[in-house]
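1. How does the following fold in three dimensions:
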Amino acid sequence: MRAAVTIFAIWAAGLGAAAQFGKMSVAYPALEAVYAGQAGIGIGVMLSIVGTVGLVFGTTAGLWVARVGARRALVAALALGAVASALQIGLPPYPVMLATRVLEGLSHLVIVVVGPTAIAGLAPGRGQGAAMTLWSSFFGVAYAVLFYVGPDLLADHGPGLLFGLHAIWMAVAALVLWLLLPGEGGQAQVKRRASLWAEHRAIYASPRLAAPAMGFVCYTVTYVAVLTILPAQMGDMGGFIGVAMPLVSIAVSLTLGIWLLGRMSAVRLVQRGFAAAMLAAGGLWLSWGGGLASVFALGVAASLGIVQGASFAALAELNPGPADRARAAGAIAQLGNLGTTVGTPLLVWITARAGEIGLALFVIGFSALGVAIHAVQARRRLSAEPLPRR
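-> Residues are numbered from 1 along each chain as shown. All right, here's what the predicted structure looks like:
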């Protein structure tokens, strides 16, 4: 029972991490008014700099977490996030606000590295896939909640209250997890064995450590871009698609995805999710402008939701040790941020030149790449010393 409560508390910390992005997205119009002296790019930097920290330092954070242990790293990251949000309540001058966003970037990065690592260690063998899938839903759930309650909160009280509530959430999560998570013990400490560059090379050369992240980047480059661009291309159905796609993705991941994880390996499920996304994208292309286009668009979201949950399950499945899980989670954070950074501009460029055909081929191409990457990495694992199947 304690393990289950701790898993949900870590997931709640993940909601706080997602809100480090989401609170700024929902408050974007208010921030434009407050920081009117900044060009549009200045507000954009304020939003995106959290992800940039993860892109640059993702794998480094995984190595650091492996050395200091999950409990200390997670509590420190939540406390740092609480302080940063508290500093934002008064809407300080732009340079100060930007500095708090850098702090939130560090906080966010550590949380998304520790979260799956700690949950994988707490979940029992049969429930591990479900627990990892639950973790994978934190971003979509947080965004859905924020965009449901945020507009009214902002209209009545302004962004300061939203930032204050976020600070309280992060502080409470830090306290709860300090009480719930087990002490580190001696095994959490990992001595530095090589240079930072050498350890990075070791992670990305490993078919166990790198495989979840290398598949996950094909998901992030696709999903965020499609969710951003597709609704605007769907005419009268655009509003419905924009709301329904993330909800369908979460629902399918937490239901069908968990059921399928009990029947096949996580890596195989990632591949089948990508294959389903290819079929759905092909159907979207063929039905474009017709009544079935919305169905196929939701099929793309559902398929990629399967990939999302199974990718985190693969992290735990391929890496039984906590230190390796932290390194693999750092790689997921790094390559995941790479995907979210480059995916949308790339799809904008493609659709401007090839329209709906380009959008469909974008999904098909990156999904096929995800299948191929996992096939190659699986072959490499077989040629090395294989891990026992769970």
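2. what about the longest helix belonging to the chain, distance to the chain center?
-> If you go by DSSP state H, the chain has its longest helix at helix 322-383. Centroid separation for helix 322-383 versus its chain: 13 Å, with Cα atoms, centre = their mean, to the nearest Å.
3. Let's test this: mean pLDDT of it, rounded?
-> In this model, helix 322-383 has a mean pLDDT of 88.
4. Mind giving me the packing neighbours of it?
-> Applying 3 or more Cβ pairs under 8 Å, 6 or more residues apart in numbering; DSSP states H and E, one finds that helix 322-383 makes contact with helix 40-68, helix 94-122, helix 196-205, helix 211-233, helix 266-286, helix 293-318. No exception for glycine: its C-beta is placed from N, CA and C like everyone else's.
5. winner for burial among these?
-> helix 293-318 (a mean of 26; mean count of other Cβ atoms under 10 Å).
6. Return the list of helices and strands in contact with that one.
-> With contacts taken as 3+ Cβ pairs under 8 Å, 6+ apart, helix 293-318 sits against helix 94-122, helix 128-136, helix 211-233, helix 238-252, helix 258-261, helix 266-286, helix 322-383.
7. Tell me which of these lies nearest to residue 310.
-> With respect to residue 310, and counting by Cβ to Cβ, the nearest of these is helix 266-286 at 4.0 Å.
8. report the angle between the axes of that closest one and helix 293-318?
-> Computed with axes from the mean of the first three to the mean of the last three Cα atoms, to 10 degrees, the direction of helix 266-286 lies at 170 degrees from that of helix 293-318.
9. Off-centre distance for helix 266-286?
-> Chain-centre distance of helix 266-286: 19 Å, with Cα atoms, centre = their mean.
10. Mind giving me the packing neighbours of it?
-> helix 211-233, helix 258-261, helix 293-318, helix 322-383.
11. can you state the direction angle for it and helix 128-136?
-> 50 degrees.
12. the inter-axis angle of helix 266-286 versus helix 322-383?
-> Helix 266-286 runs at 80 degrees relative to helix 322-383, counting by the same axes, to 10 degrees.
13. And the residue nearest the centre of this structure?
-> The residue lying closest to the centre of the chain (Cα atoms, centre = their mean) is residue 139, at 6.1 Å.
14. name the element that residue belongs to?
-> Taking DSSP states H and E as the definition, residue 139 sits inside helix 138-157.
15. Name the residues of that helix that are buried.
-> Buried residues in helix 138-157, defined by neighbour count with 16 or more other Cβ atoms under 10 Å: 138, 139, 140, 141, 142, 143, 144, 146, 150, 153, 154.
16. after that helix, next one along is what?
-> Remark: after helix 138-157, the chain's next helix or strand is helix 159-180, criterion DSSP H and E.
17. buried sites along that next one?
-> Buried, per 16+ other Cβ under 10 Å, within helix 159-180: 159-160, 162-167, 169-174, 176-177, 180.
18. So in the protein, where's the weakest helix or strand by average pLDDT?
-> Within the chain, no helix or strand scores below helix 40-68, which has a mean of 73 by mean pLDDT, DSSP states H and E.
19. Tell me what angle it forms with helix 94-122.
-> 40 degrees.
20. Tell me which other helices or strands the following helix or strand past helix 40-68 touches.
-> Next along the chain after helix 40-68, taking DSSP H and E as the criterion, comes helix 70-88. Packing contacts for helix 70-88, counted by 3+ Cβ pairs under 8 Å, 6+ apart, involve helix 2-26, helix 94-122, helix 159-180.
21. For the residue nearest to the centre of the chain, give me its contacts.
-> 14, 18, 21 (Cβ atoms under 8 Å, 6 or more residues apart in numbering).
22. switch to 10 Å and redo it
-> With contact set as Cβ atoms under 10 Å, 6 or more residues apart in numbering, residue 139 has these partners: 14-15, 17-19, 21-22, 112, 224, 246, 250, 308, 336.
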